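Colleague: Would you be able to build a 3D model of this:
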Amino acid sequence: MANLLEQLKQFSIVVADTGDFESIKRYTPRDATTNPSLIAKAATMPEYQDLVAKTLADVKQECSSSSEQLSVAIDKLFVAFGGEILKIVPNRVSTEVDARLSFDVVGSVAKAKSLIGRYEKMGIPKERILIKLASTWEGIEAAKQLKNDGIHCNLTLLFSFAQAVACADAGVQLISPFVGRIFDWYKKSTGKESYASHEDPGVLSVTRIYNYYKKYGYKTEVMGASFRNLGEITELAGCDLLTISPQLLEELMTAQGTLPLKLDASKAEANCTEPKIPIDEKSFRWMLNEDQMATEKLSDGIRAFTADLLKLEKFIASKL
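Modeller: Purely as a prediction, here's the structure:
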């Protein structure tokens, strides 16, 4: 009998949530996702110091001004890791825009185009890149504009139905609802230590979004993310994509048993009873504000990604 990872690949596209090349090679995912936390971790690992050194040498060739070097170095490092990952995965890599631009439409669009330009200089077409943006109203608006230029986006830090509906209406390529972080919030706020997998708040959130998208014919892909345990993953078998950490990929690879299909587009009509929801900026902000969990976790997530980016900048600055 095939292990759970191989069975999962029959239902969902498996994505590696890591910047570590060896892990990606081991689990043969179709795509990979990165973020400031993952790149910061990978950049300090001994096996990637040659890549870091080469990137920084290129930075010094590209710009002589020390004030520009740090910003350019971070972008080039993200793209360097993305380029190496694309030598391993057959499809796409997600590269994240600076979290400090989460409320800046113009800045996010400019940064995204800059990153895509760097990939294209390496001979990598934009079709293989997903630009990651926070699921703020501004991030969604930036993704909408970038779509007009043929740049596809992955809307991350997504915790609420309002965010999911706004992303679908904007026609973004892909969303990443954070299953585990939703679970974390409910665990802390309720004092409940565990949930049955089919009652996990993060699982329920993704299931609701998936069925809503399929019922109303939205093309936006749903990629469950930020998992805490195998039950959250197996309960979402059938979701368009699932991005999974190396630790949980290893657990799936060594686990045996039969994995049933849980999310099925053909059953979405019966499983979704809610009407289609119109959404604009005012209703988006109100719905998000009314969701305490999503409001807190979105804010926390932006701060956490920014903190990891600052750590990476400090590390890179010490080498420039």
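Colleague: need the next SSE after the lowest-mean-pLDDT helix or strand in the chain, C-terminal direction.
Modeller: Across the helices and strands of the chain, mean pLDDT, DSSP states H and E gives its lowest value to helix 36-43, namely a mean of 85. As assigned by DSSP states H and E, the chain's next helix or strand after helix 36-43 is helix 49-62.
Colleague: Next, the angle from that next one to helix 36-43.
Modeller: 110 degrees (axes from the mean of the first three to the mean of the last three Cα atoms, to 10 degrees).
Colleague: packing partners for helix 49-62?
Modeller: helix 66-85 (3 or more Cβ pairs under 8 Å, 6 or more residues apart in numbering; DSSP states H and E). C-beta coordinates here come from the backbone N, C-alpha and C atoms, glycine included.
Colleague: starting at the chain centroid, how far to the helix it packs on?
Modeller: Counting by Cα atoms, centre = their mean, to the nearest Å, helix 66-85 is centred 19 Å from the centre of its parent chain.
Colleague: Any buried residues in that helix, and which?
Modeller: Residues of helix 66-85 classed as buried: 69, 72-85 (neighbour count, 16 or more other Cβ atoms under 10 Å).
Colleague: now swap in stretch 213-232 and tell me
Modeller: For stretch 213-232, burial by neighbour count (16+ other Cβ under 10 Å) applies to 213-216, 218, 220-229, 231-232.
Colleague: got it, and stretch 229-249?
Modeller: Buried, per 16+ other Cβ under 10 Å, within stretch 229-249: 229, 231-246, 248-249.
Colleague: same thing with stretch 127-138?
Modeller: Buried, per 16+ other Cβ under 10 Å, within stretch 127-138: 128, 129, 130, 131, 132, 133, 134, 135, 136, 137, 138.
Colleague: What's the end-to-end length of it?
Modeller: End-to-end distance for stretch 127-138, by Cα to Cα, to the nearest Å: 23 Å.
Colleague: what do you get for stretch 27-36?
Modeller: 22 Å.
Colleague: now swap in stretch 269-276 and tell me
Modeller: With Cα to Cα, one end of stretch 269-276 sits 12 Å from the other.
Colleague: nearest spatial neighbour of residue 172, skipping sequence neighbours?
Modeller: Closest residue to residue 172 apart from its sequence neighbours, by Cβ to Cβ, 6 or more residues apart in numbering: residue 143 at 4.5 Å.
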